[in-house]
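**Student:** Fold the following.
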Amino acid sequence: MNVLLVSPKFPDTFWSFTYALSFIGKKSAFPPLGLLTVAALLPRGWRKRLVDVNVDSLTDTDLLWADMVFVGGMAVQRQSAGQIIARCRAANVRIVAGGPLFTAEPEQFGEVDHLVLDEAELTLPAFLADLASGRPQKIYRAAGFCALHDTPVPAWDLVKTKRYASLNIQFSRGCPFNCEFCNVTTLFGHRSRIKTPQQVITELDCIYATGWRGSIFFVDDNFIGNKDYLKTELLPALIAWRRDKKGCVFFTEASINLADDPELLDLMVLAGFDSVFIGIESPDEVSLTECHKFQNKNRDLLACVKRIHRSGMQVMGGFIVGFDSDLPSIFQRQIDFIQQSGIVIAMVGMLQAPPGTRLFDRLQRESRILATFSGDNADGTTNIVPRMGLDLLLDGYRSIMQQIYSPKNYYRRVRTLLGELKAPEIRQPLNLQRFLSFFRSAFRLGFLGKERFHYWRLLLWTLSRRPRLVPTAITLSIYGYHYRKICDLHIHGAG
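**Tutor:** Here you go, the predicted model:
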């Protein structure tokens, strides 16, 4: 059996880093971890190829070779997934699809031969058994959630890791919280299901054996869902693993209560974590109550962010405008919070309702669902009818993005962060591309860019005040270029 696994293209989004990748000689931000895991679940005797259309072209020769094509992806990859499915249909090759996009909206993909949905560890074996007996079904669903102890090591041999800016790994699935707009618990449940430390170490060994020495993203939706296990099992194992290793810094996603645990912060930094994405959402307590973001309430969010910065981890923040309780003042409040916090990587989006969430169900009952969910939190669109009115929300959202990603305000935030951030204990080793990235940024940002004054001012300030953080300053300057291009594409162009 010849099996072709195809990862659809990501559009230019906040997290695609499209306009930053050329500075470091990379093709895409992350490899398709889900499809690599699916590949490892397929029978060993099958011949497997993976085409990530973010780094390679899907050719007619690929489709002629394949007996079956597996397509997986997220909502933001919808357009590319549809194009791939159409090409497979034209080539008369059997299509199997799964992942969050297809699991959330299976009714939208009638042209797919087999929908293997939910967690592949549970549904893929049933499909393979039926396929072997000649009776494969149209749809496969799971009644519950899998134990991650049975999840195999992803098939890293199917990709060229050097084409990517970062590699990825998963330790846990599920989140103990119940945010109204989030589909994580719909897909993966409330209980934090975890891999053993040995599983994680084995996966890291496989990544390290490829020659990888760069950043590794723990893709868990809430890495700290089981704090005790982290502190007693996984983090000590990671600290031990890196004693004879070079490079390989980690980053992940977590909830704001990370700031409440100094021991956990210290252990994560010792293990090699240098940044964490946190859903801040809003500085408004009423909005936090509305969306059931109770873990963010009754606390000084600014102080929490700064506590994490001082520990040695940079906070990347998610923010939302358009809650029913939001007043017109929320836009300036968001700008003020972001600037004061020193959160440089601030992903601000208008409220959207993913299918399967309690928010989607509520707004559907109120006839307030407008369009298909895009999956892109920062593309200047929404699929709901906002209570404040769409025009007011759009204008306010554009004002936020224009202000926080103006060179003056962006570079000011970088200085705020670097003034507070504890210098990292563990750093990526200098390689040719990272060395060249300085000269590329100096030319494109320092000489050609409209931000040239702010760029050189930041570098001189960092050299004199925080010299160990110069690589971070250059990296964030490059990210700023990407974010401004995204604003030009989605925000300024939409205005």
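**Student:** what's the model's confidence in the helix or strand hosting Y479, averaged?
**Tutor:** Using DSSP states H and E, Y479 maps to helix 470-487. On average, the pLDDT along helix 470-487 is 95.
**Student:** Just the CA atoms of that helix, as PDB, please.
**Tutor:** The C-alpha trace of helix 470-487 is given here as PDB (Å, rounded to 0.1, in the frame of the first residue of the first chain):
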ATOM      1  CA  VAL A 470      21.000  40.900  22.000                       C
ATOM      2  CA  PRO A 471      19.900  37.700  20.100                       C
ATOM      3  CA  THR A 472      16.400  38.100  21.700                       C
ATOM      4  CA  ALA A 473      16.300  41.700  20.500                       C
ATOM      5  CA  ILE A 474      17.200  40.700  17.000                       C
ATOM      6  CA  THR A 475      14.700  37.900  16.900                       C
ATOM      7  CA  LEU A 476      11.900  40.100  18.200                       C
ATOM      8  CA  SER A 477      12.800  42.800  15.700                       C
ATOM      9  CA  ILE A 478      12.400  40.200  12.900                       C
ATOM     10  CA  TYR A 479       9.100  39.100  14.400                       C
ATOM     11  CA  GLY A 480       7.900  42.700  14.400                       C
ATOM     12  CA  TYR A 481       8.500  42.900  10.600                       C
ATOM     13  CA  HIS A 482       6.300  39.900  10.100                       C
ATOM     14  CA  TYR A 483       3.500  41.300  12.300                       C
ATOM     15  CA  ARG A 484       3.500  44.600  10.500                       C
ATOM     16  CA  LYS A 485       3.200  42.800   7.200                       C
ATOM     17  CA  ILE A 486       0.300  40.800   8.500                       C
ATOM     18  CA  CYS A 487      -1.300  44.100   9.600                       C
END
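**Student:** What residues sit buried inside it?
**Tutor:** 471-484, 486-487 (16 or more other Cβ atoms under 10 Å). Every residue, glycine included, has its C-beta placed from N, CA and C.
**Student:** From the contact counts, what lies against that helix?
**Tutor:** Applying 3 or more Cβ pairs under 8 Å, 6 or more residues apart in numbering; DSSP states H and E, one finds that helix 470-487 makes contact with helix 18-21, helix 407-420, helix 432-444, helix 452-465.
**Student:** of all those helices, which lies closest to D12?
**Tutor:** Among these, the nearest to D12 by Cβ to Cβ is helix 18-21 (4.8 Å).
**Student:** Show me what that closest one is packed up against.
**Tutor:** Counting by 3+ Cβ pairs under 8 Å, 6+ apart, helix 18-21 packs on helix 470-487.
**Student:** contact partners of the helix it packs on?
**Tutor:** Here helix 470-487 makes contact (Cβ atoms under 8 Å, 6 or more residues apart in numbering) with 12-14, 17-20, 23-24, 314, 344-345, 378, 401-402, 405, 407, 410-411, 414, 417-418, 421, 424, 427-428, 434, 437-438, 441, 444-445, 449, 451, 455, 458-459, 462-463.
**Student:** how close does the nearest residue in space to G446 that is not next to it in sequence get to K408?
**Tutor:** Ranked by Cβ to Cβ, 6 or more residues apart in numbering and with sequence neighbours excluded, the top spatial neighbour of G446 is Y455, at 4.9 Å. Y455 is 12 Å from K408, where distance means Cβ to Cβ, to the nearest Å.
**Student:** Which one's more surrounded, the two?
**Tutor:** Y455 (24 against 11; other Cβ atoms under 10 Å).
**Student:** give the contact list for that one.
**Tutor:** Y455 neighbours (Cβ under 8 Å, 6+ apart): 411, 441, 445-446, 449, 477.
**Student:** if you set the cut-off to 6 Å instead, what comes out?
**Tutor:** 445-446, 477 (Cβ atoms under 6 Å, 6 or more residues apart in numbering).
**Student:** and the gap between it and Q433?
**Tutor:** Taken as Cβ to Cβ, the span from Y455 to Q433 is 20 Å.
**Student:** For the buried ones among the contacts of helix 470-487, write the corresponding ChimeraX selection.
**Tutor:** Selecting the buried subset of those in ChimeraX, with 16+ other Cβ under 10 Å as the burial test, is done by:
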select :13,14,17,18,19,20,23,24,314,344,345,378,401,402,405,407,410,411,414,417,418,421,424,428,434,437,438,441,444,445,449,451,455,458,459,462
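**Student:** Show me where the protein has its strands.
**Tutor:** Here the chain has its strands, by DSSP state E, at 2-7, 47-52, 68-72, 94-98, 114-116, 139-140, 166-169, 172-173, 193-194, 215-218, 250-254, 273-281, 314-321, 346-350.
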